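**Q** the following comprises the amino acid sequence and a computationally predicted model.
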2 protein chains.
Amino acid sequence: MAYDGGVNAADDAGVPTGSFDAFGDGLDAYRVEPSKRKSLRLSDYDPDDTGDFSKNKKGKKKALKQLAKETERMQALQQRLYAEGKRSVLIVFQAPDTGGKDGTIRWVIGPLNPQGVRVSNFKKPSAVEARHHYLWRIKKELPKPGMMRVFNRSHYEDILVPSVLKTEEAAVVEGRYDEINAFERNLAEKGVTVVKFFLHISKDEQKRRLQARLDDPEKTWKFDPNDLKSRALWEQYMRVYEKMLARTSTARAPWYVIPANHKWYRSLVIARILRKTMEAMDPRFPPPPEGLDSIIIPD
Amino acid sequence: MAYDGGVNAADDAGVPTGSFDAFGDGLDAYRVEPSKRKSLRLSDYDPDDTGDFSKNKKGKKKALKQLAKETERMQALQQRLYAEGKRSVLIVFQAPDTGGKDGTIRWVIGPLNPQGVRVSNFKKPSAVEARHHYLWRIKKELPKPGMMRVFNRSHYEDILVPSVLKTEEAAVVEGRYDEINAFERNLAEKGVTVVKFFLHISKDEQKRRLQARLDDPEKTWKFDPNDLKSRALWEQYMRVYEKMLARTSTARAPWYVIPANHKWYRSLVIARILRKTMEAMDPRFPPPPEGLDSIIIPD
């Protein structure tokens, strides 16, 4: 996959937005429109939102039923994508610690056929990775034709972390916005549909979830004392997320801000968006081999 | 992962077989014992076998219920393996065309957490792959610590195909038996538990399944006219499988011959063997971080 980092692809003028504008079902509200580029505030998005569902057991039960239907439809679309073997889907998850990336992968991606989907985890860059361009390790994990790929964290960490911790020069980090837009535009042109999700939880909800990790002996291994350092920088991270979401949500690689305080609603909204995105791609089974009717299978 | 191809690891004398010998539940019958090395005949294994289950809807229903329980137990073991983050599992599937590799992956591996398992498909080597040693592409797909990896076909194709089609010199292919045993022993020593499954279907069953691909418009894309060429060489392939199973089933990387005419029994037996294999590994959650009790999460 060639990389045209020199092209300024941040300008989406003239790019057809296709069916993304026509999601309906209230899903458009979660999409970051390129027009919001300068004014996005996460405080405008309610992390506690559950749409038309009541915030109780009944609402949850109803949502989980719908989630099962959505993942079933995703399975059928995934099979066609795989059979077609031409295009692919790249799903990016970003979130504060405990935001629910792992759970989303389990509940939304889990029901898919493992033969057609892979998950890539991007943790703190290794010594080798750190010596390369930040997109080096990303490019090694891109989906092959017919496949779905999930990024648990991504190249966006290379904007987030240095912006907050000031570990790199501001101008270097600044250049990455256009560079990433160009990179993702390039992917789109090569048949990779990119969809990006920011899992939006409140600071209170993070506290509850960190406490749950401390309290459950099967979860303590997930507790990383460094998470508390990031928590202390919550506001700084949110400001960078806002800038990042505003400047890198494009018609071809849109960001969705997902209300994620309620895990069941979060999973349902993401499954719906993915299913609609794949429906819009409309993958098709390839035509049968020539002369199929005359084939006789010998004993 | 270093490769010590020069070491003759075919000799398993002195290797403790551990809990593999104590599967019980009739599962040992499916394991190829190193002692069978010279006398293995696939005709001794009934592809229609369904163990204690009746070959009807009632038997199938009962088996699928047990399968659900097995995959649930596998999920819990997978989570521990992932949390432990030290050892890994490599699962190899080999079978004649239509033998059920894809279906097994969907039904047995599908319920696992996609974050902890990846599937690798080894098709006919690409031009680049063909210029390398046959284990080159295999080594790129080995599981990382904490992960499970599934090989849909594998390095065993590099014994099978050239043996039947005579595309390489006999001495070269002959050398691969020891080479593969050494390679897998090396994996075991590095903490990779290797389990290998041969899905055993009858020639009649293959005919039915190929016909089903022709008849179902959603399956025709899977029909490859080349499959008929392989079918014409059925007996030759079976002779090579017998030699391969006999010579490369080791205490550290055993082969299982799975009766695969009945998909539900095939899946159940494989799930049971995998669950027992992982139980024998006994992966553990890492200890909680130091001073966990004194941690207070700030607002």
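**A** Great, that's in hand.

**Q** alpha carbons only for contacts and neighbour counts from here, please
**A** Noted.

**Q** what does chain A have sitting close to chain B?
**A** Contact residues (C-alpha under 8 Å from any C-alpha of the partner chain) of chain A with chain B: A:83, A:102, A:105-106, A:109-115, A:117-120, A:203-204, A:207, A:210-211, A:214, A:218, A:220-221, A:223-225, A:228, A:285-289, A:292, A:297-299.

**Q** skipping adjacent residues, who's closest to A:Glu117 in space?
**A** No Glu there; residue A:117 is Val. A:Met148 (4.6 Å; C-alpha to C-alpha, 6 or more residues apart in numbering or on different chains).

**Q** next one, pLDDT for the one you found please.
**A** The model reports A:Met148 with a pLDDT of 98.

**Q** please tell me how far it sits from B:Leu112.
**A** Distance of A:Met148 to B:Leu112, given as C-alpha to C-alpha, to the nearest Å: 17 Å.

**Q** ok, now A:Pro254?
**A** A:Pro254 is 29 Å from B:Leu112, where distance means C-alpha to C-alpha.

**Q** neighbour count for these two, which is higher?
**A** More crowded of A:Pro254 and B:Leu112, by other C-alpha atoms under 10 Å in any protein chain shown: B:Leu112, with 25 against 21.

**Q** mind listing what that one touches?
**A** Contacts of B:Leu112 were listed using C-alpha atoms under 8 Å, 6 or more residues apart in numbering or on different chains, and they are A:110, B:71, B:74-75, B:78.

**Q** who's the residue nearest to A:Val117 bridged to?
**A** For A:Met148, the beta-bridge partners under DSSP bridges are A:Val89, A:Val117.

**Q** quick one, what contacts it?
**A** Taking C-alpha under 8 Å, 6+ apart as the test, what A:Met148 contacts is A:78, A:88-91, A:116-118.

**Q** can you check A:Leu210 too?
**A** A:98, A:223, B:297.

**Q** buried ones among those?
**A** A:98, A:223 (16 or more other C-alpha atoms under 10 Å in any protein chain shown).

**Q** can I get the contacts of A:Leu210 in a markdown table including pLDDT, secondary structure and distance to B:Asp52?
**A** Below are these laid out as a markdown table (pLDDT from 0 to 100; DSSP: H, G, I helix; E, B strand; the rest coil; distance: C-alpha to C-alpha, whole Å):
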| residue | pLDDT | secondary structure | distance to B:Asp52 |
| --- | --- | --- | --- |
| A:Thr98 | 96 | coil | 46 |
| A:Phe223 | 89 | coil | 45 |
| B:Ile297 | 93 | coil | 54 |
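
**Q** returning to that earlier point: ok, the contacts of B:Leu112 vs A:Lys124, which is closest?
**A** Closest approach between those and A:Lys124, by C-alpha to C-alpha: B:Gln78, at 23.4 Å.

**Q** nearest to A:Asp46, of the contacts of A:Leu210?
**A** Relative to A:Asp46, and with distances defined as C-alpha to C-alpha, the nearest of the contacts of A:Leu210 is A:Thr98, at 17.2 Å.

**Q** distance check, the closest one against chain B.
**A** As judged by C-alpha to the nearest C-alpha, to the nearest Å, A:Thr98 and chain B stand 13 Å apart.

**Q** give the contact list for that residue.
**A** A:206, A:209-210.

**Q** next: A:Phe151.
**A** Listed by C-alpha under 8 Å, 6+ apart, the contact partners of A:Phe151 are A:90-93, A:119-122.

**Q** just the buried ones from these?
**A** For these, buried by 16+ other C-alpha under 10 Å: A:90-93, A:119-120, A:122.

**Q** now, among those residues, which is nearest to chain B?
**A** If you rank these by distance to chain B using C-alpha to the nearest C-alpha, A:Val119 comes first, at 5.6 Å.

**Q** what's the angle from the host helix or strand of that closest one to strand B:117-121?
**A** Here A:Val119 sits within strand A:117-121, counting by DSSP states H and E. Calculated by axes from the mean of the first three to the mean of the last three C-alpha atoms, to 10 degrees, strand A:117-121 forms an angle of 130 degrees with strand B:117-121.

**Q** after strand A:117-121, which helix or strand is next?
**A** Per DSSP H and E, the helix or strand that comes after strand A:117-121 is helix A:127-131.

**Q** for that following helix, packing partners?
**A** Packed against helix A:127-131, as judged by 3 or more C-alpha pairs under 8 Å, 6 or more residues apart in numbering or on different chains; DSSP states H and E, are no other helices or strands.
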